[in-house]
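Peer 1: Build me a model from this:
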Amino acid sequence: MEFTPTNRKTCSSAFTLPELLVSVALGVILLAAAVTFYGFSMTSFASMTNYSDLTNQSRNASDMISRDVRSATSIASASTNQLVLHVPDGTNVTYTYDVAGGTLTRVKGGDSRTLLKGITSLNFSLYQRQTNPYAAYEVFPTGNAANAKLVGFKWSATRRVVGSLNDSDALEAAIVQMRNE
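Peer 2: Residues are numbered from 1 along each chain as shown. Okay, here's the model as predicted:
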C-alpha cells in the first residue's frame, strides 16, 4: 500500500527575512535598555555607598572631636588647621588638618590615627562664653586659647565615584563647650 499526501501545499515553517530583521531589532533594543539600566543601577549603588561611607566617617570624626573637647581641661594651642587639647590624663590630644593631603589626623601620646580623608576645607575656631544669654556664640570670638570656653569646627569633605562625575559631599559644623575647665 502506498501513502500519498492529500494536501499538496508545501509547509513553510521558517521566518521570512522581514520578520527576522524586526525580531532582531527588537531584541537589540531590549538588550540595550537592559544594559543601560544595569549601568545606571551600578552607578547609583556606588554613589550611595560612597555617600554613606563619607557621612559615617564624618560623623565619627565629629563625635571624637566633641568627646575630646568636652573632656579637655584646657586648650594648649589652636590655629585654623590645628587644635591641641590638654586632657585629664596629662597627655595632649592634637587634631591636625593636612591641607595638601586633605586629611584630619588625631594624635594622642604615640597613637596617630587618620579620622577623615578627602577634606576640601577645615577650620577650628575658639569662642568665649556669652555674657548675654540672648546673643549668639559667634558674637564672642576669643583672641587666645586661655580665654576659650567653646571650640568650633567646620569642614567640608568630598569624594568622587570612580569613573563618574557624581561626587559625594559631607558638611559638618559644631560648637562644643569644654566641661572640665
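
Peer 1: what residue is smack in the middle of the chain?
Peer 2: Nearest to the geometric centre of the chain sits L54, at 2.1 Å (CA atoms, centre = their mean).

Peer 1: helix or strand for it, which one?
Peer 2: helix 17-71 (DSSP states H and E).

Peer 1: could you point out which element follows that helix?
Peer 2: In N-to-C order, the element after helix 17-71 by DSSP H and E is strand 74-78.

Peer 1: Please work out which residues outside that following strand touch it.
Peer 2: Residues external to strand 74-78 that are found in contact with it (CB atoms under 8 Å, 6 or more residues apart in numbering): 83-86, 92, 124, 126, 145-146, 148, 151, 178, 181. C-beta here means a position set from N, CA and C on the backbone, and glycine is covered the same way.

Peer 1: mind running it again at 10 Å?
Peer 2: Here strand 74-78 makes contact (CB atoms under 10 Å, 6 or more residues apart in numbering) with 69, 83-87, 92-95, 124-126, 142, 144-149, 151, 178, 180-181.

Peer 1: Separate out the buried members of those residues.
Peer 2: Among the contacts of strand 74-78, those buried by neighbour count (16 or more other CB atoms under 10 Å) are 69, 83-87, 93-95, 124-126, 142, 145, 148-149, 151, 178.

Peer 1: what's near enough to touch the residue nearest to the centre of the chain?
Peer 2: 116-118, 157-159, 167-170.

Peer 1: measure D53 to K149 for me?
Peer 2: Applying CB to CB, to the nearest Å, the value for D53 to K149 is 34 Å.

Peer 1: Can you mark which positions in the helix or strand bottoming out on mean pLDDT in the chain are buried?
Peer 2: When each helix and strand of the chain is scored by mean pLDDT, DSSP states H and E, strand 167-177 comes last, with a mean of 81. Across strand 167-177, burial judged by 16+ other CB under 10 Å covers 168, 170, 172, 175-176.

Peer 1: Need the max-distance pair from the contacts of L54.
Peer 2: L116 and D167 (15.7 Å; CB to CB).
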